[in-house]
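give me coordinates for this.
(4 chains)
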Protein chains: 2
Amino acid sequence: MLVAVIEGMRMDEPSRKPTLKDVAALSGVSVISASRVMRDAPNISPELRQKVESAAREIGYQRNRIARSLRGQATDLVAVVVPSMSNNVFPNIVDGIGDALSDTSLRLVLGMTKYVDRSEEAILRDMLTWNPASVILSGLEHSDATKEMLSDFSGPIVEVMDVDGDVIDYAVGVSMDEAGCLIARHLADRGYQRIAYVGAWGERPKRSLKRRLAFESELKNLGVPLVGSFILDEASSFNGGAIGTKSLLAQHPDIDAIFFANDDLALGALFYCQSQGIAVPGDIALAGYNGLEMCQSITPRLTTIVTPRYEMGRVAGELVKQQIRGEPPVQDRVIRMELELVEGETT
Amino acid sequence: MLVAVIEGMRMDEPSRKPTLKDVAALSGVSVISASRVMRDAPNISPELRQKVESAAREIGYQRNRIARSLRGQATDLVAVVVPSMSNNVFPNIVDGIGDALSDTSLRLVLGMTKYVDRSEEAILRDMLTWNPASVILSGLEHSDATKEMLSDFSGPIVEVMDVDGDVIDYAVGVSMDEAGCLIARHLADRGYQRIAYVGAWGERPKRSLKRRLAFESELKNLGVPLVGSFILDEASSFNGGAIGTKSLLAQHPDIDAIFFANDDLALGALFYCQSQGIAVPGDIALAGYNGLEMCQSITPRLTTIVTPRYEMGRVAGELVKQQIRGEPPVQDRVIRMELELVEGETT
DNA sequence: ATTATAATTGACAACGTTACCAATTAGAAC
DNA sequence: GTTCTAATTGGTAACGTTGTCAATTATAAT
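Numbers count the residues shown, from 1 in each chain, chains lettered A, B, ... in the order given. This next block holds a predicted model:
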C-alpha cells in the first residue's frame, strides 16, 4: 500500500525565489499554463487565470527577466552611452529618454565614456552582451570598431545630439552648422569685428568642433574672420571660461566678442569680466551655447543658443519605443530639432 | 553509399550571433572547454587556450550575459533608483557610482521615480526581476512594500543621500540634522532674528523635511524661532525661489533671512531681490543648500552648505564593489560624510 | 446527431551558459 | 615499473522561461 506523499511543498531551502513551477504546483496547472496567464496570452479561461493569479500572489511570484530574455532572444534593456553625467547636457537627455520610456517595461542601462572614444567602444561591446533591445548613443562620431559592432546589431540605434554627418540608423539632434552660423551672423549683425572662440575638452566631442568650424566659415563669409581661438584640454568649467578669456585678451587685446563652446565657459568668462571691471558687452561681448535655465535668470542675461536637450532625449525615447513596438518607421531617419538664439544682454 | 556532409558550417542563416558551440566546433574542442577558456578558468593547457581564443577571435564571439546570468543566478547589473536626472544632485551621484564601477563589469540600470513614492516601488519591483547584483536607492524613506521586497533581496543595498534614520543595509550620506543646525547657528550667529524657510517638491523627499525640522528646532533652541515658511508644491526652480521669497515678504515684511531647501531656490531668490532692489544681505540674507559650483562663482557668492554629491556616489559604488567581490564588511554600515558650510556674501 | 472550427490546456524542446561529476592523461613518489 | 595525485578535458543536466506542436474540450455549423 502506498503512502501519499505531499510533493511540491518543499520546506527545505529557506526562501528560494518562487518560479513558475512553484506557481503551477500550487495552483494545480501546468507550468506552461501558468506562464500563459502571467504573460497575458490569449485564450485563457477565467478559472485558470484566477487560480494561477491567486497562487502567484500568494507566493509572491515575479517573472524572471533573465530566463525570459534568454528564451525570447530580446531583452527589455536600452543601452544608453553618454560621455558623462556631471554635465549640464546629458542628464537632461537621459531624463527625456527615461520619461519617454516610463510607460514601458524598458529599462535604461547607462554607460559613461568620460569623453574617451576608446571607452565608448569598450562599454558598448560590454553592453551588447546583454542583448539590448535598442542602443542610444551620443553624437555621430564613433570608432570603426564601434560601427562594425553596431552593424550587426538588430535593434534600433539612435544617435542623439547632432545631425550633421552620417547617421547609422536614426538621429535626433540639432544642427551644429546652424548653431555656428546663427551665432556668427548674430555677432556680425551687431557689428563686432574682432571675434574669438573658446572651446574645451580638446574638442573631443566632435560636435563642438563642427560648430566652431561652421562659426569660423560663416564669419569668413561675412567678412569678419575669426581673430583667435583657445581650446582648453580639460573639462568645461567656469574657471576654464575665465582662463580662456584672459589668455585670448592677452594675445589679442582688441577682441570685441567671444563665442564659447557652452554656457559654463561663457558664464565663467562673464564673472571674470565682471571681476576685472571689463564691461560686457561694452568692452567685450560674450555668447554661449546650450541655454541653461540659469543663464536666463542672471543679470546680464547671457546671449546663447538654446538646445532642446530634454526634448531630444524624449524624442529619441519615443523613437525607440515605436521601433520596438514594431511600428513602421514613418518619420525621417533624421529628426532635426529647432535651435533658438536667445539674444541676451551680453552681446 | 553515404555522401559526406559537412556539418557545423551552417550557411543558412545570414548572421546569427556566434555562440560557444560555434567556437567549440571551429576549434575542435568541447563546448565546456571553450567556456573554460573564455572565462579564464584554472587548469587550461596553453594549446587549448590558443585554439579557442583564436577561433573566438575569428568568428567574433562575445559571451552571452543573459545565459550566463541565468545559469549563474547572479547578474552584473546594479539597480540605481533616483528621483530625477534634471536636477543638480543626482547626476553627480550617478557619475560617482559610474566612476567607482568603471573598472568592473558591473553596469548601472537606471530608474527615475519623479519623486513619486509609489513609483519607486514599481520601478524597484521591475528591476528586481533582473536579479541585480546590488541595489542603490536614494534616501532612507521607502514604502513598506519596498522594504518588504528588499528584505529578501540577497545583494548589498546602499541608500545614498542621508544618514538620519533606519538603514536597511548600508547608507552613504550626510546628516540632515547637522545641515539644519549648521545653517541655523550661522544665521543666529550673524544676528538675524526674523528667519524664514522656503522648500519645494511639497517636501516629498523626506530628507529636506528632516533638514527643515532640524533647522527649526535649532533656531528655537537659539531663541530665534522660525517666523514662517513657504513650501512650493512643484519642482525646485529659480522662479520658485522668487515666488517663495515674494510670498514670505508679503506676509512677513520684517523677515531678515531665508534658508532655502537648495541652491536653485536661493539663487532665484537672489536674482529676484536684485531685480527688486532688495539689498542682499542688507535687507535680507539668503542661504542655500548643496553648494553648486556656480553659486561660488557669482557675485555675491551664495552662503550655502556644500554636499559631497559625487563623493557619495563614488563611495556607494566602492561599497557595492567590495561587497560583490565578497570582501568582508569592514566599515561601519553607515558612512557619514562631511558637510561644509561656505560663508558667502549673502548672509 | 455529426462534422468542422475554435478555445483551452499540456508536453517537449530550446535559448547559451556553467556547475557538477566522470574520464583520461601526465607527472610524482615509491 | 607501479601506485597515487594533479592536471586537463569532456558529458550531462540545469538555470526559468516560452515557441511550437499536439491533444483535448467546447462551440458552431451542417
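
rest of the way, CA atoms for contacts and neighbours
OK.

what parts of the stretch 151-300 of chain A come near chain B?
Residues of the stretch 151-300 of chain A lying near chain B by CA under 8 Å from any CA of the partner chain: A:Asp152, A:Phe238, A:Gly268, A:Phe271, A:Met294, A:Ser297, A:Ile298, A:Thr299.

my guess is A:Gly241 contacts A:Ala269. True?
Yes: taking contacts as CA atoms under 8 Å, A:Gly241 lies within contact range of A:Ala269: 4.8 Å.

ok, then the element right after the helix or strand A:Lys321 falls within?
Assigned by DSSP states H and E, A:Lys321 belongs to helix A:309-324. Once helix A:309-324 ends, the next helix or strand along the chain (criterion: DSSP H and E) is strand A:334-336.

and the contacts of that following strand?
A:Val163, A:Val167, A:Tyr170, A:Ala171, A:Val172, A:Gly173, A:Val174, A:Ser175 (CA atoms under 8 Å, 6 or more residues apart in numbering or on different chains).

drop anything exposed from the residues you listed.
Among the contacts of strand A:334-336, those classed as buried by 16 or more other CA atoms under 10 Å in any protein chain shown are A:Val163, A:Val167, A:Tyr170, A:Ala171, A:Val172, A:Gly173, A:Val174, A:Ser175.

which of those residues sit farthest apart?
Farthest apart among the buried ones among the contacts of strand A:334-336 by CA to CA are A:Tyr170 and A:Ser175. That separation is 14.6 Å.

give me the distance between the two termini of stretch A:221-241.
27 Å (CA to CA, to the nearest Å).

same check on stretch A:23-40?
15 Å.

so is it next to DNA strand D?
Yes: using CA under 7 Å from any atom of the strand, stretch A:23-40 reaches DNA strand D at A:Val31, A:Ile32, A:Ser35, A:Arg36, A:Met38, A:Arg39.

could you find the closest non-adjacent residue to the first one?
Right, A:Val31. Using CA to CA, 6 or more residues apart in numbering or on different chains and skipping the chain neighbours, the partner closest in space to A:Val31 is A:Ala24 (5.1 Å).

just the third one next, same as before
With CA to CA, 6+ apart as the criterion, A:Ser35 has its nearest non-adjacent residue at 6.7 Å, and that residue is A:Leu20.

neighbours around the one you found, how many?
21 (other CA atoms under 10 Å in any protein chain shown).

ok, it - contacts?
Contacts of A:Leu20 by CA under 8 Å, 6+ apart are A:Val31, A:Ala34, A:Ser35, A:Tyr61, A:Arg63.

before we move on, what about A:Asp263?
A:Ala287, A:Gly288, A:Tyr289, A:Asn290, A:Gly291, A:Leu292, A:Cys295, A:Thr304 are the contacts of A:Asp263 under CA under 8 Å, 6+ apart.

you'd agree the first one is up against A:Gly268?
No: A:Ala287 lies out of contact with A:Gly268 (CA under 8 Å); the separation is 11.5 Å.

show me the contacts for the residue positioned nearest the centre of chain A.
Residue closest to the mean C-alpha point of chain A, counted by CA atoms, centre = their mean, is A:Ile93 at 4.3 Å. Contacts for A:Ile93 (CA under 8 Å, 6+ apart) come out as A:Arg309, A:Tyr310, A:Glu311, A:Met312, A:Gly313, A:Arg314.

among these, which one sits closest to DNA strand D?
A:Arg314 (28.0 Å; CA to the nearest atom of the strand).

what sits against the nearest residue to that closest one once chain neighbours are set aside?
Spatially, and ignoring its direct neighbours in sequence, A:Arg314 is nearest to A:Gly96 (4.0 Å; CA to CA, 6+ apart). Residues near A:Gly96 by CA under 8 Å, 6+ apart: A:Arg309, A:Tyr310, A:Glu311, A:Met312, A:Gly313, A:Arg314, A:Val315, A:Gly317.

output the contacting helices and strands for the helix or strand that contains A:Leu108.
For A:Leu108, the element it lies in under DSSP H and E is strand A:107-112. Under the contact definition 3 or more CA pairs under 8 Å, 6 or more residues apart in numbering or on different chains; DSSP states H and E, strand A:107-112 sits against strand A:77-82, helix A:117-128, helix B:90-101, strand B:107-112.

what sits up against that strand?
A:76-85, A:98, A:101, A:120, A:123-124, B:95, B:98, B:107-111.

so which strand or helix has A:Arg71?
With DSSP H and E as criterion, A:Arg71 is part of helix A:65-72.

what residues sit buried inside that helix?
A:Arg65, A:Ile66, A:Ala67, A:Ser69, A:Leu70.

can you name every helix or strand that that helix contacts?
helix B:65-72.

let me see the mean pLDDT of the helix it packs on.
Across helix B:65-72, pLDDT averages out at 92.

quick check: angle from it to helix A:65-72?
Angle, helix B:65-72 to helix A:65-72, by axes from the mean of the first three to the mean of the last three CA atoms, to 10 degrees: 120 degrees.

show me how far helix B:65-72 is from its chain's centre.
27 Å (CA atoms, centre = their mean, to the nearest Å).

can you select the buried ones from the residues of the stretch 151-300 of chain A next to chain B in PyMOL?
A single PyMOL command selects the buried members of those (16+ other CA under 10 Å):
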select buried, chain A and resi 238+268+271+294+297+298
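
so which of the residues of the stretch 151-300 of chain A next to chain B comes closest to DNA strand C?
Nearest to DNA strand C among these, with distances taken as CA to the nearest atom of the strand, is A:Asp152, at 14.3 Å.

picking up where we left off before, I'd like the contacts of A:Ile93 laid out as CSV, including pLDDT and neighbour count.
Formatted as CSV, those follow (pLDDT from 0 to 100; neighbours: other CA atoms under 10 Å in any protein chain shown):
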residue, pLDDT, neighbour count
A:Arg309, 97, 25
A:Tyr310, 97, 20
A:Glu311, 98, 19
A:Met312, 98, 26
A:Gly313, 98, 27
A:Arg314, 98, 23
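
where among the helices and strands packed on strand A:107-112 is the average confidence lowest?
Among these, helix A:117-128 scores lowest, with a mean of 93.

please flag which of the contacts of A:Asp263 sit within strands.
The strands, defined by DSSP state E, take in A:Ala287, A:Thr304 from the contacts of A:Asp263.

dump the contacts of A:Asp263 into a markdown table; add neighbour count and pLDDT as well.
Shown next, in a markdown table, are those (neighbours: other CA atoms under 10 Å in any protein chain shown; pLDDT from 0 to 100):
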| residue | neighbour count | pLDDT |
| --- | --- | --- |
| A:Ala287 | 30 | 98 |
| A:Gly288 | 28 | 97 |
| A:Tyr289 | 25 | 97 |
| A:Asn290 | 21 | 96 |
| A:Gly291 | 24 | 95 |
| A:Leu292 | 20 | 92 |
| A:Cys295 | 20 | 87 |
| A:Thr304 | 30 | 97 |
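
keeping just the C-alphas, turn stretch A:269-288 into PDB.
Provided in PDB are the C-alpha atoms of stretch A:269-288 (Å, rounded to 0.1, in the frame of the first residue of the first chain):
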ATOM      1  CA  ALA A 269      34.000  84.500 -18.600                       C
ATOM      2  CA  LEU A 270      31.200  86.800 -17.600                       C
ATOM      3  CA  PHE A 271      32.100  86.500 -14.000                       C
ATOM      4  CA  TYR A 272      35.800  87.000 -14.800                       C
ATOM      5  CA  CYS A 273      35.000  90.200 -16.800                       C
ATOM      6  CA  GLN A 274      32.800  91.500 -14.000                       C
ATOM      7  CA  SER A 275      35.600  90.900 -11.500                       C
ATOM      8  CA  GLN A 276      38.100  92.600 -13.800                       C
ATOM      9  CA  GLY A 277      36.000  95.600 -14.500                       C
ATOM     10  CA  ILE A 278      35.700  94.700 -18.100                       C
ATOM     11  CA  ALA A 279      32.400  95.900 -19.400                       C
ATOM     12  CA  VAL A 280      30.100  93.300 -21.000                       C
ATOM     13  CA  PRO A 281      29.100  93.900 -23.700                       C
ATOM     14  CA  GLY A 282      30.700  97.400 -23.700                       C
ATOM     15  CA  ASP A 283      34.300  96.100 -23.900                       C
ATOM     16  CA  ILE A 284      33.600  92.600 -24.900                       C
ATOM     17  CA  ALA A 285      30.600  90.600 -26.000                       C
ATOM     18  CA  LEU A 286      30.000  87.000 -24.800                       C
ATOM     19  CA  ALA A 287      27.900  84.300 -26.200                       C
ATOM     20  CA  GLY A 288      27.300  80.800 -25.000                       C
END
